[in-house]
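Chemist: Below is the structure, and that's it, no one-letter string:
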């Protein structure tokens with residue numbers, strides 16, 4: 001345990017020492033003041049045995065009620081001191097429980113071509129401002145040529 005001064009060799013760890021007869025817990029601020037550690041530039045090095053567990057979950061959004069396929073992988077990470085910890089499997093069970101069948105197809109969310117909103121937008125594109133935009137776009141150089 002110790003610290004490395006900013007810009008110095010990272011293998012050159014300066015030790016942290018406690019004042020004899022001091023209290024059992026020391027705050028980071030007290031350590032920094034005692035050893036003149038610059039918290040914005042120096043690096044604190046702490047060695048402690050810690051165990052982290054991981055569980056990879058593969059999820060497709062269409063299994064959760066969305067009318068589209070989005071395959072995603074989520075890495076669930078947690079700290080555990082118990083080697084028999086099954087929190088990842090529990091998390092997978094929660095995800096399985098949250099699955100929802102697809103209730104509506106993608107077409108159910110689209111307006112029919114005869115709907116008033118669609119008709120208004122089509123008319124706007126065919127009118128003066130819409131034609132001006134189309135003409136301006138036609139004058140632009142094609143990126144691929």
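Modeler: Yep, that arrived. Fair warning: this is a prediction, and the values are worked out from it, not measured in the lab. Numbering: from 1, shown residues only.
Chemist: Please make it C-alpha for all contacts and neighbour counts, starting now.
Modeler: Will do.
Chemist: lowest confidence element among the helices and strands of this structure?
Modeler: Here the helix or strand of the chain ranked lowest by mean pLDDT, DSSP states H and E is strand 43-45, holding a mean of 74.
Chemist: so what does it touch, helix or strand wise?
Modeler: strand 2-4 (3 or more Cα pairs under 8 Å, 6 or more residues apart in numbering; DSSP states H and E).
Chemist: Which helix or strand lies directly C-terminal to the strand it packs on?
Modeler: As assigned by DSSP states H and E, the chain's next helix or strand after strand 2-4 is strand 14-15.
Chemist: what's the next secondary structure element after that next one?
Modeler: Downstream of strand 14-15, the first helix or strand assigned by DSSP H and E is helix 28-35.
Chemist: buried ones in that next one?
Modeler: Neighbour counts over helix 28-35 (16 or more other Cα atoms under 10 Å) mark residue 32 as buried.
Chemist: what's in contact with that helix?
Modeler: Helix 28-35 is contacted from outside by 16, 37-39, using Cα atoms under 8 Å, 6 or more residues apart in numbering.
Chemist: Equivalent analysis for stretch 82-94, please.
Modeler: With Cα under 8 Å, 6+ apart as the contact definition, stretch 82-94 has outside contacts at 54-55, 57, 76.
Chemist: Let's see that with 10 Å instead.
Modeler: Surrounding stretch 82-94, the residues in contact under the criterion Cα atoms under 10 Å, 6 or more residues apart in numbering are 51-58, 75-80, 95-98.
Chemist: what's the closest non-adjacent residue to residue 6?
Modeler: residue 42 (4.4 Å; Cα to Cα, 6 or more residues apart in numbering).
Chemist: Count the neighbours of that neighbour for me.
Modeler: Residue 42: 16 surrounding residues under other Cα atoms under 10 Å.
Chemist: in the protein, which spans are helices?
Modeler: 28-35, 87-97, 116-126, 128-139 (DSSP state H).
Chemist: possible to save those helices as a markdown table with mean pLDDT and distance to residue 67?
Modeler: Conversion of the helices of the chain to a markdown table gives the following (pLDDT from 0 to 100; distance: least, Cα to Cα, whole Å):
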| stretch | mean pLDDT | distance to residue 67 |
| --- | --- | --- |
| helix 28-35 | 79 | 51 |
| helix 87-97 | 90 | 18 |
| helix 116-126 | 87 | 22 |
| helix 128-139 | 82 | 32 |
